[in-house]
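>>> Fold the following, please.
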Amino acid sequence: MSKQRVLTGITTSGTPHLGNYVGAIRPAIEASRSGDSESFFFLADYHSLIKSQDSELVQRSTMEIAATWLALGLDPDKVTFYRQSDIPEIPELTWFLTCMTAKGLMNRAHAYKGAVQANEELGEDADFGINMGLFSYPILMAADILMFNAHKIPVGRDQIQHVEMARDVAQRFNHHYGEHFVLPAAVVDDNVAVLQGLDGRKMSKSYGNTIPLFLTEKQLKKHINKIKTNLLEPGEPKDPDTSAVFQIWKAFASEVQTAAMREQFANGIAWGEAKKQLFELVNTELADARERYEILMQDPAKIEKILQQGAAKARAESQALIAKVRHAVGIRPLVGS
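Next up is the predicted model:
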């Protein structure tokens, strides 16, 4: 029996933070080592253009995020790791799928509907500030998925709809032109950790409350010391279940370490001491990866070489599929076909 294919898209916008690491990067890399599936990881730089037209930022983010995943242990020899824009068959497939996609389906996409609702609440025209990238990006996402006939797509709950859309488009194409695409399924891990940020809300770039992943030791300690706490004094029992300090601790600690810290909270550990121990725990886990990251960031040619090698592996698949799809839709030589 052939292995199931798992495809993971990596957004190339912004600097990765501890929440990204705990919630997405660490579990994805661990899963890729299991050998139970065939793993594809791609840097979604086309998708990043929807939100950013800053060319320097797009390029910088792509390098930072590639370096992050490699530094944390993603093995490009055991997975297919590529940059979306290095696969020219993806935009071509996007067009073929666009021509099979009902506009009404795109009207129902959460991102587009959310943008329209926000405009209407502000009294603006419904489509104010909305570009066609935002409107139609579920089709690009469908092409990313269907190009490699992925079976499973790990996503957050907010992305389930887009995988379902990819499935709908694949069914429609298969019905009209014959069986060409595997029908993908969204995989949601309800046990994935969601970290609290510096202010106690979910750690998110949009809230400005993140702890970037590869800060220097001094900067990491400074950020951890900024985590919001209450006014309880040393010696006063503290509730670990309402503490961002404890919640981040739990994401990095073993069960034994977590139980020990819970006991320290009950015994009234000082906030400064709790943050000191949290810094030491997080820093210990990230120190070696931080060093590898810094080395990679000084050698963009090495990152580029890895991505090009990944693209070559990916294109062995994409070129073969697009040839079949082209033939199916009628884009083929006038003779000998």
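>>> send the alpha carbons of stretch 33-45 over as CSV?
Output of stretch 33-45 as CSV, limited to C-alpha atoms (Å, rounded to 0.1, in the frame of the first residue of the first chain):
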residue,chain,number,x,y,z
ARG,A,33,10.1,12.0,10.8
SER,A,34,7.7,9.2,11.5
GLY,A,35,8.0,7.7,8.0
ASP,A,36,4.3,6.9,8.0
SER,A,37,3.6,9.4,5.2
GLU,A,38,5.1,11.2,2.2
SER,A,39,5.6,14.8,3.3
PHE,A,40,5.5,17.9,1.1
PHE,A,41,6.3,21.3,2.6
PHE,A,42,6.2,24.5,0.6
LEU,A,43,6.8,28.2,1.1
ALA,A,44,3.6,30.0,0.0
ASP,A,45,5.3,33.1,-1.4
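>>> and that stretch, which residues are buried?
Ser37, Glu38, Ser39, Phe40, Phe41, Phe42, Leu43, Ala44, Asp45 (16 or more other CB atoms under 10 Å). In this view, the C-beta of every residue, glycine as well, is placed from N, C-alpha and C.
>>> Check the offset of it from the chain's centre.
12 Å (CA atoms, centre = their mean, to the nearest Å).
>>> Check what contacts it and list those residues.
Stretch 33-45 is contacted by residues 3-12, 28, 31-32, 58, 62, 65-66, 69, 73-75, 78-85, 87, 144, 148, 150, 152, 307, 314 when judged by CB atoms under 8 Å, 6 or more residues apart in numbering.
>>> mind redoing it with 7 Å?
When contacts are defined by CB atoms under 7 Å, 6 or more residues apart in numbering, stretch 33-45 is touched by residues 3-12, 32, 58, 62, 65-66, 69, 74, 79-85, 144, 148, 150.
>>> Same check on stretch 102-111?
Here stretch 102-111 has contacts from Tyr112, Leu134, Phe135, Ser136, Pro138, Asp158, Gln161, Met165, Asp168, using CB under 7 Å, 6+ apart.
>>> wait, the second one sits on Tyr112?
Yes: proximity of Leu134 to Tyr112 meets the contact threshold set by CB atoms under 7 Å, at 6.2 Å.
>>> thinking again about what came up before, tell me the two of the contacts of stretch 102-111 that are most distant?
Leu134 and Asp168 (19.3 Å; CB to CB).
>>> Can you tell me which of the contacts of stretch 102-111 are buried?
Tyr112, Leu134, Phe135, Ser136, Pro138, Gln161, Met165, Asp168.
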